[in-house]
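Engineer: give me the fold of what follows.
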Amino acid sequence: MSHRFDLHTHSDQSDGTYAPAEIVRFAARGHIDLLALTDHDCISGVPEAMAAGKEEGVRVIPGVEFDNEWHHELHILGLDVDMDHPVLIRAMEVARERRDRRNEIILSRLDAAGIEVRSFMRTGQTATTKLHIAHAIIAAGYATEVREAFMKYLRPGTPGYYTEKRFTPEQVLEIIHRSDGVPVLAHPCHIRENLHGLVRELVSMGLLGIEAYYPANTPRQTELYLSLARQYRLLATCGSDFHGKNRPGVPVGCAWRESRELDRTYETLIRRMDS
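Structural biologist: Residues are numbered from 1 along each chain as shown. Modelled structure (predicted):
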């Protein structure tokens with residue numbers, strides 16, 4: 001019997017809208033056996049998710065999603081990481097410091113342009129993302145939807161654009177390996193470059209998996225990612241990239257499919273967790 005799982009979800013500790021425990025309850029209702037919480041640059045929601053998992057009968061994998069310093073969008077998931085490892089803890093501190101510094105500069109630049117959104121910023125999350133700023137821009141009445149907020153105020157050449165140097169892929173892969181985790185290339189369908197060359201380069205640095213099943217994939221893309229997994233002996237994973245109300249119509253577990261590759265991934269991860 002195949003086991004349903006989802007290895008890519010976000011809670012209200014980053015840019016999702018539901019508490020970690022609530023995501024686990026969604027998983028239980030959807031008959032998901034294994035769930036990874038992978039908030040952006042933070043692991044603060046994982047203990048709550050794991051506690052809820054014990055109550056709901058869902059195995060929860062500690063996870064995190066890293067945004068990499070790269071010339072295109074590049075995200076890497078760290079699955080089954082040791083949350084108490086000092087390397088991971090320090091990486092989370094550095095990432096949060098960078099985000100806080102970036103966000104303050106963005107808000108200051110918006111202030112200077114007469115766009116006051118500070119009072120509309122959501123609080124309480126560990127990692128504040130540009131999506132939070134976009135929602136504040138909408139709440140303040142300067143845009144009507146997220147795409148417009150980014151296009152008018154947060155992209156290069158606009159009043160609020162600013163970015164900080166992030167961890168390089170080499171650094172991210174080292175952080176994940178040193179914290180005993182499994183690094184997985186997230187949503188390759190978003191990558192706008194030679195994917196074969198990129199995967200080959202990342203494998204040489206220590207990549208161990210690729211998110212082959214993802215809600216935005218075309219069938220042809222999924223077949224390509226499965227082919228890359230076979231070619232480079234990578235784990236093929238599935239992830240919904242669940243964000244709650246910030247990404248409607250994408251429920252927990254929606255990327256899972258009956259698949260021999262996913263069965264092997266499930267078995268590999270369960271063995272790791274039980275060892």
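Engineer: mind checking the SS state of Leu269?
Structural biologist: Assigned with DSSP: H, G, I helix; E, B strand; the rest coil, Leu269 falls in the helix class.
Engineer: just the pLDDT at it, thanks.
Structural biologist: We note a pLDDT of 97 for Leu269 in this prediction.
Engineer: and it, what does it touch?
Structural biologist: Going by C-beta atoms under 8 Å, 6 or more residues apart in numbering, Leu269 touches Phe5, Leu34, Ile61, Leu79, Asp80, Val182, Leu235. Just so you know, the C-beta spots here come from the backbone N, C-alpha and C atoms, and that holds for glycine as well.
Engineer: of these, just say which sits nearest to Arg272.
Structural biologist: Closest approach to Arg272 among these (C-beta to C-beta): Asp80, at 5.6 Å.
Engineer: thought the closest one was touching Val182?
Structural biologist: Yes. Counting by C-beta atoms under 8 Å, Asp80 does reach Val182; the two are 5.6 Å apart.
Engineer: so for those two, which residues contact both of them?
Structural biologist: Common neighbours of Asp80 and Val182 (C-beta under 8 Å, 6+ apart) are Leu269, Arg272.
Engineer: those two - which one has more neighbours?
Structural biologist: Legend: neighbour count by other C-beta atoms under 10 Å for Asp80 and Val182, higher for Val182 (24 against 18).
Engineer: ok, back up a step: as TSV, the contacts of Leu269 with pLDDT and distance to Tyr153 would be great.
Structural biologist: TSV is the format used below for the contacts of Leu269 (pLDDT from 0 to 100; distance: C-beta to C-beta, whole Å):
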residue	pLDDT	distance to Tyr153
Phe5	98	38
Leu34	98	39
Ile61	97	36
Leu79	98	34
Asp80	98	38
Val182	98	37
Leu235	98	39
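Engineer: reformat those residues as CSV; add distance to Ala113 and secondary structure.
Structural biologist: Putting the contacts of Leu269 into CSV (distance: C-beta to C-beta, whole Å; DSSP: H, G, I helix; E, B strand; the rest coil) gives the following:
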residue, distance to Ala113, secondary structure
Phe5, 45, strand
Leu34, 46, strand
Ile61, 42, strand
Leu79, 40, strand
Asp80, 44, coil
Val182, 43, strand
Leu235, 46, strand
